[in-house]
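Undergrad: build me a model:
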Amino acid sequence: WRYDIAANTWSDAAAADSPQAFDYGSDLKYDGSRYIYALKGNSDDTFMRYDTQVDTWEVLTNINFDGPDTQINNLVYIGGDLAFDGNDKIYAIQGNTRSGFAQYSINSNSWTVLGNLPALAYTGAQIEYDSTTNSIYFVPGWDRPFLYKYSLDTQVWTSLSESPIVFSAGSAMRIVSGYL
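TA: Residues are numbered from 1 along each chain as shown. Below is the predicted model of the structure:
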């Protein structure tokens, strides 16, 4: 489905249906020009993209969180999320009380496993990329006030000041003018 702002209408006539259902842990990221990247969620490791110019879906390389070696599996569920660096990299967290964290290269259609999250991700977990610090900000959700920063330059997690409120279902995080 898509919503036409000017006409105030919903329509699915001009958009191809996804080849698979999305559910808990799913997320979408637009690359700003052509593709919408999709984390399927629903206890699955499928990663897809929708081509807005030719109205087609493509299944990409499955997500890799290094299961079963580092993680119990590679499946994404409640608390799964994506962040986009505005260039070639999309970052993913696994959710479902797991610590999986990985980076996808659009150019090579491949995943790189990154260091585990500093806290388990669940309901309300979010990640957001910040270009000014070349970092990923992470809140684990699960009714906790924790906030972390992952430096992509040093590949080190840092614990930041706790939020005055907890993050849970419905939480959202965006960087606007230097603020989360």
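Undergrad: residue 41: how many residues sit nearby?
TA: If you count neighbours by other CB atoms under 10 Å, residue 41 ends up with 23. Where C-beta positions appear, they are placed from N, C-alpha and C, glycine not excepted.
Undergrad: go ahead and confirm it touches residue 81.
TA: No - with contact defined as CB atoms under 8 Å, residue 41 and residue 81 do not form a contacting pair (9.6 Å).
Undergrad: who touches both of the two?
TA: By CB atoms under 8 Å, 6 or more residues apart in numbering, residue 41 and residue 81 have these common neighbours: 27, 95.
Undergrad: so who does residue 172 touch?
TA: residue 126.
Undergrad: hang on, I meant residue 130
TA: 136, 137, 175.
Undergrad: swap in 10 Å and give it another go.
TA: Residues near residue 130 by CB atoms under 10 Å, 6 or more residues apart in numbering: 83, 85, 136, 137, 149, 152, 175, 178, 180.
Undergrad: residues near the fourth one, how many?
TA: The reference is to residue 137. Neighbours of residue 137 (other CB under 10 Å): 19.
Undergrad: that one reaches residue 146, doesn't it?
TA: No - with contacts counted by CB atoms under 10 Å, residue 137 stays clear of residue 146, the gap being 11.2 Å.
Undergrad: what sits in contact with each of the two?
TA: residue 160.
Undergrad: would you mind pulling the contact partners of the helix-or-strand element of the chain with minimal mean pLDDT?
TA: In the chain, no helix or strand scores lower on mean pLDDT, DSSP states H and E than strand 2-4, which sits at a mean of 82. Here strand 2-4 makes contact (CB under 10 Å, 6+ apart) with 9, 10, 11, 12, 13, 14, 15, 52.
Undergrad: I'm done for today, thanks for sticking with me.
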